[in-house]
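Participant: Generate coordinates for the sequence data below:
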Amino acid sequence: MTEEPPSPLAKIWWYRAPSGEIYGPYDDVEFDRYAAEGRFDSGGRVRRGDDPSPWEPVDVARKARRSPPPPPASPSEFRSESSQPTSPPLEPPVEDLSGVSSISRVVFILLALLPGLMLSIFGIHNLVAGYTGRGVTQLILSLMFVWGMGCISLALPPTLCLSAVVWIGLVVWSIVEASTVTIDAKGRRFSG
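Facilitator: Numbering: from 1, shown residues only. The predicted model follows:
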């Protein structure tokens, strides 16, 4: 029994952007048109169907198909209001900026100031708001340099000066963020 080749309109192509996002599926006609128009990034890869085969560069897949590129779309096709755009987005989707975060601005400010001033632990406010990089950096600085150097200062008193300088820097950093940051990491305004 021979296997019948898929219809050219079967949605069988998947595109993986260099950022790792996967788009599709696309049929053969869409695949050829997007490749000819340069809509696929040169660092991106494609795969045919749900086959577990490895992803391959777009040019390699087109040459393997040995099909001539389709003619460019007519200008009237772009002006048609009824046609939905089927091109793969080459940028990540834009976050909803009109939304409201579940985090209150007051909570953000309190988390920025109270743990730092009372316990010398900084960065919790950024972790809660989704700013992971900043939050982890502040947390590591506070644990290593404020707490760690503070403990070492029992044996080596001069290290207390370094610990105090880092603590002051983290306090200023937290006050500036509490005063200026009004949105979370997803671009949503803090509530209240």
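Participant: tell me, how many neighbours does residue 171 end up with?
Facilitator: Residue 171 has 16 neighbours, counted by other CB atoms under 10 Å. Where you see a C-beta, it was placed from the backbone N, CA and C, and this is true even at glycine.
Participant: show me what contacts residue 163?
Facilitator: Residue 163 makes contacts with 145, 146, 149, 150, 153, as judged by CB atoms under 8 Å, 6 or more residues apart in numbering.
Participant: Compare those residues and tell me which has the most neighbours.
Facilitator: Top of the contacts of residue 163 by neighbour number is residue 146, holding 24 neighbours under the definition other CB under 10 Å.
Participant: Hmm, that one is touching residue 170, no?
Facilitator: Yes - with contact defined as CB atoms under 8 Å, residue 146 counts as touching residue 170 (7.0 Å).
Participant: how about low-confidence regions in the chain?
Facilitator: Scanning the chain for pLDDT under 70 picks out the ranges 1-11, 50-53, 65-98.
Participant: Select the longest helix from it.
Facilitator: Criterion DSSP state H: the longest helix present in the chain is helix 159-180.
Participant: Buried residues, that helix. List them.
Facilitator: Going by neighbour count (16 or more other CB atoms under 10 Å), the buried part of helix 159-180 is 159, 163, 166, 167, 170, 171, 173, 174, 177, 178.
Participant: How is this structure partitioned into domains?
Facilitator: Following automatic domain parsing, one finds the domains of the chain at 13-79, 100-191.
Participant: and among those domains, the most buried is which?
Facilitator: A comparison of those by mean neighbour count, using mean count of other CB atoms under 10 Å, puts domain 100-191 on top with a mean of 16.
Participant: any chance of the contacts of residue 163 in JSON lines, plus distance to residue 58 and secondary structure?
Facilitator: Formatted as JSON lines, these follow (distance: CB to CB, whole Å; DSSP: H, G, I helix; E, B strand; the rest coil):
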{"residue": "145", "distance to residue 58": "49", "secondary structure": "helix"}
{"residue": "146", "distance to residue 58": "51", "secondary structure": "helix"}
{"residue": "149", "distance to residue 58": "53", "secondary structure": "helix"}
{"residue": "150", "distance to residue 58": "56", "secondary structure": "helix"}
{"residue": "153", "distance to residue 58": "59", "secondary structure": "coil"}
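Participant: phi, psi of residue 63?
Facilitator: phi -70, psi -40 (degrees, to the nearest 10).
Participant: cool, residue 17 as well?
Facilitator: The phi/psi pair for residue 17 (degrees, to the nearest 10) reads phi -70, psi 160.
Participant: measure it to residue 152 for me?
Facilitator: Residue 17 is 47 Å from residue 152, where distance means CB to CB, to the nearest Å.
Participant: Same check on residue 49?
Facilitator: According to CB to CB, residue 49 stands 60 Å off from residue 152.
Participant: again, but for residue 63
Facilitator: 63 Å.
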